[in-house]
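Visitor: Here is my input; please provide its structure:
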Amino acid sequence: MEKLTEKDKELIRGSWESLGKNKVPHGVVMFSRLFELEPALLNLFHYNTNCSPTQDCLSSPEFLDHVTKVMLVIDAAVSHLDDLHTLEDFLLSLGKKHQAVGVNTQSFAVVGESLLYMLQCSLGHGYTGPLRQAWLNMYTIVVAAMSRGWAKKGEHKTD
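Guide: Numbers count the residues shown, from 1 in each chain. Prediction:
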């Protein structure tokens, strides 16, 4: 697993902390952007309610639960910046789960773009080039592990 620089870790921790304790509203911004960029991903969420428009889906309890889980995964990565390798098994499993529900590895990149968009919206002038690169570095490490888990499901990984 790749390593992050001390500066990367400092930038990531500081920016994540500045988002406040309740990360769910930021997660909703991230997923709103994700569905703008790749609307077909919304079809992977099979909830009891047929939600239209997309905003209805984003406010459903089931979806907010998923957003909370995603934000907790990001929080875990931020909390383990010094030892990201300890999350390897969890991230491999997460990759397998995403493969099982029909997410392809190309969508991981779109999620990354959506994460950066959310950070830019939430941090405003605090969102700098070095901060963006630090988050990209961390996200690349996380996605590499998830992609290995995705590929272990027996499918051929496509890039």
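Visitor: Now tell me what touches the lengthiest helix in the chain from outside.
Guide: When the chain is parsed with DSSP state H, its longest helix is helix 129-151. Applying CB atoms under 8 Å, 6 or more residues apart in numbering, the set of residues contacting helix 129-151 from outside is 1-2, 4-5, 7-9, 11-12, 15, 77-78, 81, 84, 87-88, 91-96, 98-99, 103, 105, 108-109, 112, 115-116, 119-120, 123, 157. Where C-beta positions appear, they are placed from N, C-alpha and C, glycine not excepted.
Visitor: how does it look with 6 Å?
Guide: 2, 4, 8, 11-12, 15, 77, 84, 88, 91-92, 94-96, 99, 105, 108, 112, 157 (CB atoms under 6 Å, 6 or more residues apart in numbering).
Visitor: what distance separates stretch 69-88 from the centre of its chain?
Guide: How far stretch 69-88 lies from its chain's middle: 11 Å, per CA atoms, centre = their mean, to the nearest Å.
Visitor: Buried by neighbour count: which residues of it qualify?
Guide: Val70, Met71, Val73, Ile74, Ala77, Val78, Leu81, Leu84, Leu87 (16 or more other CB atoms under 10 Å).
Visitor: which of those lies closest to Glu36?
Guide: Val70 (16.7 Å; CB to CB).
Visitor: Could you look up the SS state of the closest one?
Guide: At Val70 the chain is in helix, as set by DSSP: H, G, I helix; E, B strand; the rest coil.
Visitor: Report the spatially closest residue to it, excluding sequence-adjacent ones.
Guide: Gly27 (5.8 Å; CB to CB, 6 or more residues apart in numbering).
Visitor: Quick check: which element contains the one you found?
Guide: helix 24-37 (DSSP states H and E).
Visitor: Show me what that helix is packed up against.
Guide: If you count contacts as 3 or more CB pairs under 6 Å, 6 or more residues apart in numbering; DSSP states H and E, helix 24-37 packs onto helix 61-79, helix 105-123.
Visitor: isn't Tyr117 right up against Arg33?
Guide: Yes - between Tyr117 and Arg33 a contact is recorded at 4.5 Å, counting by CB atoms under 6 Å.
Visitor: what do the two both touch?
Guide: If you check Tyr117 and Arg33 against CB under 6 Å, 6+ apart, no residue is contacted by both.
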